[in-house]
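S.K.: I would like the atomic coordinates for the input below:
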Amino acid sequence: MSDWPGTGSFYGNMDSGGECGVLVQTMFYVPAENRAKFWYSTDYGMFHFCIADTEQDWREGTEQYQFLEKCLASVDRQKQPWLIFLAHRVLGYSSCDTYAVEGSFEEPMGRESLQKLWQKYKVDLAVYGHVHSYERTCPVYENICTTEEKSYYKGPLNGTIHVVAGGGGASLSQFTSLQTKWSYYRDYDFGFIKLTAFDHSNLLFEYKKSSDGKVYDSFRISRDYRDILACTIDSCPSTTLAS
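M.R.: From the prediction side, this is the model:
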């Protein structure tokens, strides 16, 4: 994070206590073309990752938005069927008390532009940190769950599953007492997530507590390539009777 007045942050506040992301940007290698613009893509086996820099403007029309669309659009889903969006701040959905008080359940202006891209390119998972706890949503698009299934998804998701995996931080983040339809699992504890792609058609997601390494939340996705090609709402080019 580079959240400090005068550092070029999209926010310019002080919520990391002046950390400014210096350690991350100087000590760890990432395949970013420009370390002042900390967005990049990377591949791992059957996974394609598009990583956003949430200290920079991501809204439609910006340089980062153009990069993210190119990253999502360029993946060959026959070779890398699992498409993952990553970001530090929560640009999707979170029941963190701070976000709930703001009434947004996200960073201000977080998903308003990006959900168009997630839906168009059929992003499977969007994973965030920043909030020091764990939460998983349903496959969701525009605040609506696209299925009532919670643990075994067959065929197209028709939305993106959003996960907050910030339980590696300092003090834990409180959840709001408000109940949202899209929030499927919350855990006020330290933990981490694991993704296992068995093949091009089967994925296992697991959330484990750091204290004992046991699985406390999980789901599976099972589908074939035709499910990725299938049109869903706002995921295919619009047509008319004349086209």
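
S.K.: mind listing what's buried in the longest helix along the chain?
M.R.: As assigned by DSSP state H, the longest helix anywhere in the chain is helix 63-74. Neighbour counts over helix 63-74 (16 or more other Cβ atoms under 10 Å) mark 64-65, 67-69, 71-72 as buried. C-beta: built from backbone N, CA, C; applies to glycine.

S.K.: the strands in this protein, which residues?
M.R.: Using DSSP state E, the strands of the chain run over 40-44, 47-51, 82-87, 125-128, 134-141, 144-145, 152-154, 160-165, 183-187, 191-197, 202-209, 215-222.

S.K.: relative to residue 125, how far out is the nearest residue to residue 138 once chain neighbours are set aside?
M.R.: Nearest residue to residue 138, sequence neighbours excluded (Cβ to Cβ, 6 or more residues apart in numbering): residue 145, at 3.8 Å. Residue 145 sits 15 Å away from residue 125, going by Cβ to Cβ, to the nearest Å.

S.K.: go through stretch 30-45 and flag the buried ones.
M.R.: So, applying 16+ other Cβ under 10 Å, buried residues of stretch 30-45: 32, 38-41.

S.K.: the residue nearest the centre of the chain bridge partners, please.
M.R.: Centroid check for the chain by Cα atoms, centre = their mean gives residue 126 as the closest residue, at 1.9 Å. Following DSSP bridges, residue 126 is listed with bridge partners residue 85, residue 162.

S.K.: pretty sure it contacts residue 119?
M.R.: No. At 11.2 Å, residue 126 does not count as touching residue 119 under the criterion of Cβ atoms under 8 Å.
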